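1. Predicted model, plus sequence, below.
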There are 2 protein chains.
Amino acid sequence: MSEVELIDWRHQQFVLHEVLQVAQLTRYPHFSQHSIDTFDAALELAQQLALTQFQPHNREADLNEPRVRDGKVHLLPAVAKALAAYREAGFFAAGADETDGGMQLPYTIALACDGLFAGANVATAGYPMLTKGVAHLIAQFGTAEQKQRFLQPLHDGRFFGTMCLSETQAGSSLGDISTRAEPIGNGDYRISGAKMWISGGEHELAENIVHMVLARTPDAPPGVRGISLFIVPRYRVAADGSVGEDNDVRLAGVNHKLGQRGIVNTFLKFGEHGACIGHRVGPEHRGLAQMFVMMNEARIGVGIGAIMLGNAGYRYALAYARERRQGRHPDQKDPQSQPVPIIEHADVRRMLLQQRVYVEGAHALALYAATLVDTQGHDPDAAVRARAGTLLELLTPIIKAWSAQWCVQANDLAIQVLGGYGYTREYPVEQFYRDNRLNPIHEGSNGIQALDLLGRKVLTDNGAGLRALLDAMASTIESAAGQPELIAYAQALAQYAKRAADATLRIGSELAAGKLRQGLANASQYLTVMGHLCVGWMWLRQAQTASAALPAAHSADARFYRGKLHACRFFFQHELPTIEAALRLLESMDSSVYDMQIDWF
Amino acid sequence: MSEVELIDWRHQQFVLHEVLQVAQLTRYPHFSQHSIDTFDAALELAQQLALTQFQPHNREADLNEPRVRDGKVHLLPAVAKALAAYREAGFFAAGADETDGGMQLPYTIALACDGLFAGANVATAGYPMLTKGVAHLIAQFGTAEQKQRFLQPLHDGRFFGTMCLSETQAGSSLGDISTRAEPIGNGDYRISGAKMWISGGEHELAENIVHMVLARTPDAPPGVRGISLFIVPRYRVAADGSVGEDNDVRLAGVNHKLGQRGIVNTFLKFGEHGACIGHRVGPEHRGLAQMFVMMNEARIGVGIGAIMLGNAGYRYALAYARERRQGRHPDQKDPQSQPVPIIEHADVRRMLLQQRVYVEGAHALALYAATLVDTQGHDPDAAVRARAGTLLELLTPIIKAWSAQWCVQANDLAIQVLGGYGYTREYPVEQFYRDNRLNPIHEGSNGIQALDLLGRKVLTDNGAGLRALLDAMASTIESAAGQPELIAYAQALAQYAKRAADATLRIGSELAAGKLRQGLANASQYLTVMGHLCVGWMWLRQAQTASAALPAAHSADARFYRGKLHACRFFFQHELPTIEAALRLLESMDSSVYDMQIDWF
């Protein structure tokens, strides 16, 4: 088969430059040394590394899971080689300041680059994703001394990082963690406990591993208000930065997963010999709030990973469907006529369109959210910063959960396009499906994202989040209503958004009245509705841009814009109306789920 | 964790005895020796064998794929052992006449038994499923001499069978097959060609393998009208039934699949040395019509397999959710209170209810369709037989495709209920998900089932199929309308059915006007609509029965009936309305998919 591209580059350029106009980020002094050219250069470099270093061992790493020998994790040599190339190219410090040797890229561009690596090999890409999250956390909350010891090696890719939150008895319920931290002075603590589901928890890829560990101090109040955050290196790091003795963190097991097999997932024991030292980050009992900085980043990271895995399946299925010939049209009666490429069959086009609208719609939404990160961090106007932050907070659970759910669905459709071949390991689409299936689970399961969205994000601050979203949508709707071919979509989006907003307020008043269980019972349906609205909004924005550009466009460009317009039509005809049923459940405060008794199962 | 049952036995009894009243099948002379007791004895025997012989090696067979050494396929010894026990218990001849040593069970009971084996180990259960299909085909179309040579050994489980339809260049497009059959007299032919995707194509489990091969004779017209059917044994069989020399069928490769790894899937070459003899079944060029007998049976078999894999995940997730404690209700503020079993969380109940309504609804539909097989075969009234046949024809693609799609969805939800654990191979739910993902693909992909349903089944014979379905639904709707708690569901079903019928007729007139491509472009949406209607109908039937039985029921029985009623409510509130969007597309003859140009991708 022809070579399959990592992404439709034209689509990526379109979203970044034409729809989101990321060049405007260079008006912020922090990014003033950048330009469209430097952005594109970073993206092209990422693509080249992803294709030459990450993608080639994607299947091999799937077939050769990490092995444990003598307490050490052994990975394919190709993983270390890919990460060395990544390090050399400077991507560990993509977002770091130039004064720290970083590229000082906007988060938007860095995230798009992350997506290219994840689409090529989500498992290998996981190591630097976590490492960058840890660096960001220490940069934000660490002491000057902690930054000196840990931050630069993380930026340099000499140290890798992990998030140590879950424990076997407390997966999603962080208030129940029992890892202990006993103070020994100077902000240092003796750590003891065990952590489960730790990706990248043990390996020989880096000089050191920096575990960010949530634990309880002896006098801590119960629940999430008693959690503190610690830097727990695998090897202790001296004041001069030299990596020293073992810090009593032991690999107690590895998990054998359905997918993402190339990234080791571990069960770790801390302080079995009383010799595990952790360095507290920020004040005691504020650990969870700090960790949320990393978790929110990780949630957007999960979203972009899910999207790019969905995209990988879509691009493969599209290329396959153009080449594979089978069957004829229902009105072609001559059995001796040549079979047609399967893309000619309407149902195959339907499956490709579905994949496209999920993947490209979610991609636009994730990149849009990334621009909010940049705005929140760098806009000179405090009100603009705050507003971007509010909207970002609301969009984060949607980007994580909606992308994960619907891009796994895209992978399912990619298998279906390939038929029997898609079901074999001779083709890559079954791996994308398995790899992507993790995304609705980790970094807060989709059900928890839904509770976060409905129970917190849309309603806090008197519904400021919801208002920010509706206002942003309204401005698109208003301008789209001036483009005749888009009026119907603008109206549909406006109507659904109005209904969703009304339902939100109604549920909000139930919650305010203390009916928490009833009010939140259909939270997952709510997330689906809001996700479809946001993705519909992104399709409308893309269609607007395409529609405006089309009259002056020729040949390939014109076809591209027509494709975007048609994908928008498909989303509004086939996909957006599927929220009707969920919306009615929310509008009627349906209690079918809430009323179900356990002993009726 | 507590032991997980293969199926909710109470549900199975309820559907078979209370809803479908299978005891009535014993009024047919062919089944007069049977009774509720003999039916239950067969089911219990199947369950016991499934639990003791099939289930224990389900994971082991997944982890140890068939290996090829010296051209032979090596399987786990446990597979042969399980099939020996199956053979000994007489299940190869479950449906065969007693005079042939069979159990002479109604198809309904035999299918329910098949489901128990498939739920325990779908891969190992695949060998006898295929074998019984081949036996049925030869019983129906073979000559007396063919029956003597091949049928009894199949009934005895000494010979196994396969279906050899697909070729690498012609997966779903059987008109394009190129395997040749040159007559050599006496109805025998020299076969040459290659067949792809042949499950059970080579192994040492049986004395012989009987391949049912589609091929073209030299003078055959092109396309499907030129296909003939042949018995092609792996080893030639003498007139006295003795198994003789090699028949020049060579294993040319095995496929490495995402799931169902325990059943070897092969690429076979026939007649490389000009020494492959096939015995024609029925007249020349009528092969496909005959093969459809086996395919239709296989499609219902795929349906029951998909359902029982969905069920296996559901039962596991349900048991897990009752035991696993994590988190608290949103109104439980005390972090020191004991975490609740996760089934207490509304979203977990939602996921369990979804699994339940897909699995149990589809199970009821498949068993209902099985009663139509029995009616079609044995009712004394020709009109009743014909009507059952018409309805069965219409339901077959729905049972195959809808069950496959939604029961994979159930498996997806089972993983989600288990969270991170569900994503590991330490728990069985990820295997169910992988195993089940084959079902939307094989035996005619879901897209092809949809074309079959809309392009043929509902409209043929002036819409006799559609009328038969609507009449059958109407009788349930009418009687349910007399039960106050069911009126709303009866009305909803009636309204949706009316809209679907109107849309069908409208599409039918487009098709009749020659607009085949446009009219069939949304066939998959059509199948989803019809599937949801049929499953909704089955939920209404179950609710009717439960509602009638509830007043006199106590304790466990009362809870069971309430559970059925509540699941019905959930289906009608949460699931049935999801067809609204698809129905609107059909009603408006939406052409978004049809209009999409290939160069817009």
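-> Nice, thanks for sending it over.

2. in the stretch 1-150 of chain A, which spans are helices?
-> Remark: helices assigned in the stretch 1-150 of chain A by DSSP state H, counting those that start in this stretch are A:9-13, A:36-49, A:58-63, A:77-88, A:107-120, A:122-141, A:144-146.

3. measure residue A:483 to residue A:53 for me?
-> The gap separating residue A:483 from residue A:53 is 43 Å, by CB to CB, to the nearest Å. The C-beta positions use only the backbone N, C-alpha and C, and glycine is treated the same way.

4. same check, this time on residue A:544
-> 37 Å.

5. now swap in residue A:220 and tell me
-> Distance from residue A:220 to residue A:53, by CB to CB: 44 Å.

6. And the two? Which one has more around it.
-> residue A:53 (22 against 17; other CB atoms under 10 Å in any protein chain shown).

7. Contact partners for the more buried one?
-> For residue A:53, the contacting residues are A:81, A:82, A:85, A:86, by CB atoms under 8 Å, 6 or more residues apart in numbering or on different chains.

8. Repeat that for residue A:539.
-> With CB under 8 Å, 6+ apart, residue A:539 has these contacts: A:357, A:361, A:364, A:489, A:567, A:568, A:571, A:572.

9. picking up where we left off before, could you export the contacts of residue A:53 as CSV, including distance to residue B:371 and neighbour count?
-> Below are the contacts of residue A:53 laid out as CSV (distance: CB to CB, whole Å; neighbours: other CB atoms under 10 Å in any protein chain shown):
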residue, distance to residue B:371, neighbour count
A:81, 62, 14
A:82, 58, 29
A:85, 63, 15
A:86, 61, 23
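
10. Just give me the closest of those residues to residue B:410.
-> residue A:82 (37.4 Å; CB to CB).

11. For chain B, give me its nearest residue in the stretch 301-450 of chain A.
-> residue A:335 (2.6 Å; CB to the nearest CB).

12. what are the pairing partners of the lengthiest strand in chain A, and which direction each?
-> Counting by DSSP state E, the longest strand found in chain A is strand A:188-199. Here strand A:188-199 is paired, per DSSP bridges, with strand A:180-185 (antiparallel), strand A:265-270 (antiparallel), strand A:277-281 (antiparallel).

13. list the buried ones in the first one?
-> Residues of strand A:180-185 classed as buried: A:180, A:181 (neighbour count, 16 or more other CB atoms under 10 Å in any protein chain shown).

14. Residues in contact with it: which ones?
-> Under CB under 8 Å, 6+ apart, the answer for strand A:180-185 is A:189-193, A:215-218, A:228, A:230, A:277-278, A:280.

15. Check those residues for burial and list the buried ones.
-> A:189-193, A:215-217, A:228, A:230, A:277-278, A:280.

16. Between those, which sits nearest residue B:422?
-> Residue B:422 lies nearest to residue A:193 out of these, by CB to CB, at 24.2 Å.

17. residues contacting that closest one?
-> Residues in contact with residue A:193 (CB under 8 Å, 6+ apart) are A:167, A:177, A:178, A:179, A:180, A:215, A:269, A:270, A:271.

18. Can you check the residues you listed and name whichever has the most neighbours?
-> Highest neighbour count within those: residue A:215, with 28 neighbours (other CB under 10 Å).

19. Would you double-check that that residue falls in a helix?
-> No. According to DSSP: H, G, I helix; E, B strand; the rest coil, residue A:215 belongs to no helix; its state is strand.

20. Show me which residues of the stretch 351-500 of chain A sit near chain B.
-> A:351-353, A:356, A:408, A:412, A:415-416, A:419-420, A:422-426, A:430, A:433-434, A:437-438, A:440-442, A:445-447, A:450-451, A:455 (CB under 8 Å from any CB of the partner chain).

21. Give me the buried subset of these.
-> Buried among those by 16+ other CB under 10 Å: A:351-353, A:356, A:408, A:412, A:415-416, A:419-420, A:422-424, A:430, A:433-434, A:437-438, A:440-442, A:445-447, A:450-451, A:455.

22. Go through the residues you listed and flag which are in helices.
-> A:351-353, A:356, A:408, A:412, A:415-416, A:430, A:433-434, A:446-447, A:450-451 (DSSP state H).

23. give the contact list for the nearest residue to residue A:491 once chain neighbours are set aside.
-> Nearest non-adjacent residue to residue A:491, counting by CB to CB, 6 or more residues apart in numbering or on different chains: residue A:481, 7.3 Å away. Counting by CB under 8 Å, 6+ apart, residue A:481 touches A:487, A:490, A:491.

24. returning to what we had before: now name the helix or strand holding the residue of the stretch 301-450 of chain A closest to chain B.
-> Element membership for residue A:335, per DSSP states H and E: none, as it lies in no helix or strand.

25. who touches the residue nearest to it when sequence neighbours are not counted in this structure?
-> Once flanking residues are discounted, residue A:335 sits nearest to residue B:223: 2.6 Å by CB to CB, 6+ apart. Applying CB under 8 Å, 6+ apart to residue B:223 gives the contacts A:335, A:336, B:175.

26. between the helix or strand harbouring residue A:397 and helix A:429-436, how many degrees?
-> According to DSSP H and E, residue A:397 maps onto helix A:382-418. Put simply, helix A:382-418 runs at 140 degrees to helix A:429-436, going by axes from the mean of the first three to the mean of the last three CA atoms, to 10 degrees.

27. Fine by me, we can end here.
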